[in-house]
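J.: give me the fold of what follows.
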Amino acid sequence: MREIIFDTETTGLDRKVDRVVEIGCVEIIDLMPTGRTFHQYINPQGQPVHKEAYRVHGLSDVFLSSKPTFKRIHNRFLSFIEGATLVAHNAAFDMGMLNEELDRLGIKPLENEVVDTLELAKEKHPRRKHTLDALCSIYDIDNSRRTQHGALLDAELLSEVYVELRGGRQFGMHLEVQDDAAKTEVIRARPRPTPLPSRVTDQDRADHSAFVATLGDGAIWRDYL
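T.: Modelled structure (predicted):
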C-alpha cells in the first residue's frame, strides 16, 4: 500500500486567513520508505508570519518572499500524492490548511484517505504524551536535529513513528514468525578491507555550499555542510 507521510508549516493557525508556507512529504510502500520525497517552501503572498509561528519553524517573511506561490507548485504536489493514503499528525489541521489553499484556486478538496497518527498514538499509548517529540522518545527515534519544526524533517520522523505505531518494520516487511524448532542461517556481509574513495569532488562541495547559502538560516541542509 502506498502512503504519503506529510507535514505543513503555516503563517498561523487560522486557516481562513493564514497560509501554508512549507510542505514536506515522504513516500512509503508497505511501511517501507522508497526514498521519494516532496519538499517545497511557499510564498504566503503578503500574509505575514505570526511571531508564534516564526518561533516554531523559523521561516521569515523575507525568506519566504522569494519562494514560489502555492498556485505555481500545487500541480506537482497533487501529482506526488495522487492515489495515496495521506498520513499526518493532527491531520485535521494540515488537511484544513491545504484544502483552503486549493479552494482559493477553485480546486475541490483532497479526496485521499487520511490517517491521523495523533489518534493512533492516543489509542496505543493512552496515558502518555502524544507530541512528535514524545513519540520519538517512546520508540527511541533520534530527533536531535529537530531544534525547530521543519515540514520535511518532521515528515521523516513521523514516517518512522508511524511504522512503529503500525507494529514496527516486521509488519511492513511481511516477515512470518518461525517455529522455535526451525533453523535459520544467518549470512553476514563482509566489510570491505579498504573503503571506496569518495566520488564527491571539491567543486561538488563548493556548489552544495553555495546552494545551501540561498536557503536561509533555518535550512536543515546546513547540518550537512
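
J.: what about the strands in this structure?
T.: Assigned by DSSP state E, the chain shows strands spanning 2-10, 20-29, 32-41, 85-88, 114-116.

J.: tabulate the ones you listed (CSV), appending mean pLDDT and mean neighbour count.
T.: For glycine as for every other residue, the C-beta is placed from the backbone atoms N, C-alpha and C. Shown next, in CSV, are the strands of the chain (pLDDT from 0 to 100; neighbours: other C-beta atoms under 10 Å):
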stretch, mean pLDDT, mean neighbour count
strand 2-10, 98, 24
strand 20-29, 98, 23
strand 32-41, 97, 16
strand 85-88, 98, 22
strand 114-116, 98, 16
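
J.: pipe the ones you listed into JSON lines and attach distance to Glu100 per row.
T.: Formatted as JSON lines, the strands of the chain follow (distance: least, C-beta to C-beta, whole Å):
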{"stretch": "strand 2-10", "distance to Glu100": "10"}
{"stretch": "strand 20-29", "distance to Glu100": "8"}
{"stretch": "strand 32-41", "distance to Glu100": "17"}
{"stretch": "strand 85-88", "distance to Glu100": "15"}
{"stretch": "strand 114-116", "distance to Glu100": "16"}
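
J.: nearest to His50, out of those?
T.: strand 2-10 (8.9 Å; C-beta to C-beta).

J.: tell me the angle the closest one makes with strand 32-41.
T.: For strand 2-10 against strand 32-41, the angle by axes from the mean of the first three to the mean of the last three C-alpha atoms, to 10 degrees is 30 degrees.

J.: which outside residues touch strand 2-10?
T.: With contact meaning C-beta atoms under 8 Å, 6 or more residues apart in numbering, strand 2-10 is reached by 18-29, 31, 53, 56-57, 59, 80-81, 83-89, 94, 97-98, 115, 149-152, 154-155, 158-159, 162.

J.: give the contact list for the residue nearest the centre of the chain.
T.: Central residue of the chain (C-alpha atoms, centre = their mean): Ala155, 1.8 Å from the mean position. Counting by C-beta under 8 Å, 6+ apart, Ala155 touches Ile5, Phe6, Asp7, Gly24, Cys25, Val26, Thr37.

J.: for Asn99, same thing?
T.: Here Asn99 is in contact with Pro109, Leu110 (criterion: C-beta under 8 Å, 6+ apart).

J.: what do you get for the one 10 residues further on?
T.: For Pro109, the contacting residues are Asn99, Leu102, Asp103, taking C-beta under 8 Å, 6+ apart as the criterion.

J.: what about the second one, distance to Val49?
T.: Translated: Leu102. 21 Å (C-beta to C-beta, to the nearest Å).

J.: of these two, give the one with the bigger neighbour count.
T.: Taking neighbours as other C-beta atoms under 10 Å, Leu102 and Val49 compare with Val49 leading, 25 against 16.

J.: worst-scoring helix or strand of the chain, pLDDT-wise?
T.: Using mean pLDDT, DSSP states H and E, the weakest-scoring helix or strand in the chain turns out to be helix 169-172, at a mean of 52.
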